[in-house]
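*Asks:* Sharing a model prediction with you, sequence too.
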Amino acid sequence: MPPSRSVKLAVIGCGLMGSALARAFAAAGHDVAVWNRTPARARAVGGGTVAMENLVEAVSGRELVVVSLTNYAASFEVLAAKGVASALAGKTLVQLTSGTPADARSGLEWARANGVDYLDAAILAFPGFVATDYATVYYAGSRAVFDRHLETLQAIAKNSVYVDEKIGAAATLDCAILEAFYGGSLAFLHAAAMCKAEGLDPKTFFAQKNSFLGLISVTADAAQGMIENNDFSGDQCSLNIHVAAIEHIVRLSKDARISARFPQELLENYKRAVSAGLGDKELPAVFQTLTRE
């Protein structure tokens with residue numbers, strides 16, 4: 001379904017993600033200019049986009065400018081180029097460069113100083129998933145600015161989620177989700193390594209995927225309420241019991257001569273909570289020692 005109106009926008013950065021974003025905007029019927037430090041990469045985007053060699057010309061007259069670069073340092077370097085800030089004044093800049101909440105705050109400070117409306121965003125998708133049901137983009141900043149551009153932004157992700165007025169909120173949520181992803185991935189890869197080291201085909205472990213995903217889901221649901229109420233009491237399984245289970249994992253890893261660093265780190269975190277007097281509490285009580293100095 002075509003948008004209610006075609007928007008003139010620019011995408012700065014033509015890496016895999018920037019290129020995917022630009023093509024999605026163009027496919028949705030928008031007028032898309034693209035710019036990259038290496039002009040050939042901008043020309044290679046195609047998909048109905050217009051490659052520009054001059055950055056100021058690329059962003060001039062554009063209602064919306066989306067930045068997708070390697071990091072915020074690269075972004076600030078590009079935005080500091082002569083004439084760019086003036087060309088962006090009164091326009092909306094959407095920062096889709098991965099970073100931290102502190103980066104987002106710096107970006108907002110720059111935008112306010114130059115009269116630019118600013119949204120900080122984080123995309124939870126690989127480039128190939130842009131504009132599909134598997135893509136989610138989180139946004140932080142002015143709700144009014146987000147609402148004004150929502151229809152246009154949905155060209156890259158129908159699931160465009162406004163998180164909070166706090167400009168660092170999208171980056172915070174992105175980092176939190178990614179930590180759960182990377183930590184969980186390392187855990188199941190280590191688990192597969194344990195199985196292989198003990199002569200058990202890892203596919204036997206992976207066949208039980210629903211078992212460990214189910215445990216994580218149940219624990220996450222319980223943790224939400226416990227953290228909200230600051231009450232980690234319960235009668236299901238105390239931290240003392242969990243610590244004993246993790247000790248078995250550490251021993252197995254050492255006996256099997258595979259890396260024990262990951263389960264050892266887990267054990268140290270859980271034992272720290274026990275040492276803090278939380279041994280009779282439920283597993284989410286570890287949260288209390290993670291938030292203490």
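*Replies:* Structure received.
*Asks:* what bits of the stretch 151-293 of the chain have low per-residue confidence?
*Replies:* In the predicted model, the stretch 151-293 of the chain carries pLDDT under 70 at residues 292-293.
*Asks:* Which residue ranges of it form strands?
*Replies:* If you assign secondary structure with DSSP state E, counting those that start in this stretch, the strands in the stretch 151-293 of the chain sit at 159-164.
*Asks:* Likewise for the stretch 1-150 of the chain?
*Replies:* Listed from the start of the chain, the stretch 1-150 of the chain has strands (DSSP E, counting those that start in this stretch) covering 8-12, 31-35, 50-51, 64-67, 92-95, 117-124, 136-141.
*Asks:* Contacts for the fourth one, please.
*Replies:* Just to be clear, that refers to strand 64-67. 7-13, 18, 21, 25, 59, 75, 78-79, 88, 91-97, 149, 152 (CB atoms under 8 Å, 6 or more residues apart in numbering). Backbone N, C-alpha and C define where each C-beta goes, glycine included.
*Asks:* where's the residue nearest to residue 62 when sequence neighbours are not counted relative to residue 26, distance?
*Replies:* Counting by CB to CB, 6 or more residues apart in numbering, the nearest residue to residue 62 once its immediate chain neighbours are dropped is residue 10, at 4.5 Å. In this structure, residue 10 and residue 26 are separated by 12 Å, where distance is defined by CB to CB, to the nearest Å.
*Asks:* residues shared between the contacts of those two?
*Replies:* With CB under 8 Å, 6+ apart applied, the overlap between the contact sets of residue 10 and residue 26 consists of residue 32.
*Asks:* how far does stretch 200-211 stretch from start to finish?
*Replies:* In terms of CA to CA, to the nearest Å, the two terminal residues of stretch 200-211 are separated by 17 Å.
*Asks:* Just the residues contacting it, thanks.
*Replies:* If you take CB under 8 Å, 6+ apart as the criterion, stretch 200-211 is touched by 188, 191-192, 195-196.
*Asks:* Pull out the buried members of those.
*Replies:* Among the contacts of stretch 200-211, those buried by neighbour count (16 or more other CB atoms under 10 Å) are 191-192, 195.
*Asks:* Can you give me the neighbour number for residue 40?
*Replies:* In terms of burial, residue 40 registers 9 neighbours under the definition other CB atoms under 10 Å.
*Asks:* again, but for residue 43
*Replies:* For residue 43, the tally of surrounding residues (other CB under 10 Å) stands at 16.
*Asks:* same thing with the one 5 residues further on?
*Replies:* If you count neighbours by other CB under 10 Å, residue 48 ends up with 15.
*Asks:* mind listing what it touches?
*Replies:* Contacts of residue 48 were listed using CB under 8 Å, 6+ apart, and they are 23, 26-27, 32.
*Asks:* Residue 119 and residue 237, how far apart?
*Replies:* In terms of CB to CB, residue 119 sits 43 Å off from residue 237.
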